[in-house]
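Student: Sequence first, predicted model second:
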Amino acid sequence: MNGVYVFTDRNVYRIGEVVEFGIVNCGDEPVEFGNPRPWWIDRWVTNESGCMPGNCTGGTWEPVGNAGCAPTVVCFLDPGENWTVRWDTSGANRSETLYMVADNLTPGTHCIWYEGGYAKEFEFV
């Protein structure tokens with residue numbers, strides 16, 4: 001494996017379970033992140049108006065949560081390094097690393113996005 005990959009510990013979850021996700025650098029060079037919101041989670045909503053550029057297939061991505069905003073500081077993910085987050089979707093133990101922008105979670109396709117276009121889809125059932 002070579003490159004940068006976003007991962008989840010599983011592909012399918014029930015709402016209320018812990019979702020573990022992150023990003024790993026399997027390449028030879030550091031990867032730079034300079035966005036004050038380095039990652040975010042969206043859900044796919046079908047039959048909604050609006051499109052993402054290059055993605056007009058009968059729905060749109062809608063925000064669920066993100067890393068919150070921090071002062072813009074450049075961070076590097078070095079070769080062999082990974083960043084991992086545990087998201088308790090029950091809401092009982094709100095993660096300090098996840099700022100929810102949606103009122104509730106719904107079943108369906110969700111995606112974790114990282115600055116630079118790195119992404120991983122997963123499902124809630």
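Tutor: Looks like it came in fine. Numbering: from 1, shown residues only.

Student: List of residues touching the helix-or-strand element of the chain with minimal mean pLDDT?
Tutor: Here the helix or strand of the chain ranked lowest by mean pLDDT, DSSP states H and E is strand 99-100, holding a mean of 74. For strand 99-100, the external contacting residues (CB atoms under 8 Å, 6 or more residues apart in numbering) are 64, 65, 66, 67, 68, 94. (Glycine included, C-beta is placed from N, CA and C.)

Student: Just give me the neighbour total for the closest residue in space to residue 14 that isn't next to it in sequence.
Tutor: Using CB to CB, 6 or more residues apart in numbering and skipping residues adjacent in sequence, the residue nearest residue 14 is residue 125, 6.0 Å away. Per other CB atoms under 10 Å, the neighbour tally for residue 125 reads 8.

Student: Relative to residue 19, how far out is residue 125?
Tutor: Distance of residue 125 to residue 19, given as CB to CB, to the nearest Å: 13 Å.

Student: what touches both of those two?
Tutor: Listed as contacting both residue 125 and residue 19 by CB under 8 Å, 6+ apart are residue 13.

Student: Closest to the centroid, which residue in this structure?
Tutor: residue 112 (2.1 Å; CA atoms, centre = their mean).

Student: contacting residues around that one?
Tutor: Contacts of residue 112 (CB under 8 Å, 6+ apart): 6, 8, 21, 39, 40, 41, 119, 120, 122.

Student: Lowest-confidence entry in the residues you listed?
Tutor: pLDDT is lowest at residue 39 among the contacts of residue 112; the value there is 85.

Student: got a list of what that one touches?
Tutor: 23, 66, 67, 85, 112, 113, 114, 115.

Student: Same list (those residues) but as TSV, adding distance to residue 105 and pLDDT.
Tutor: Output for these, formatted as TSV (distance: CB to CB, whole Å; pLDDT from 0 to 100):
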residue	distance to residue 105	pLDDT
23	22	94
66	14	82
67	17	79
85	16	88
112	14	95
113	17	93
114	20	91
115	23	86
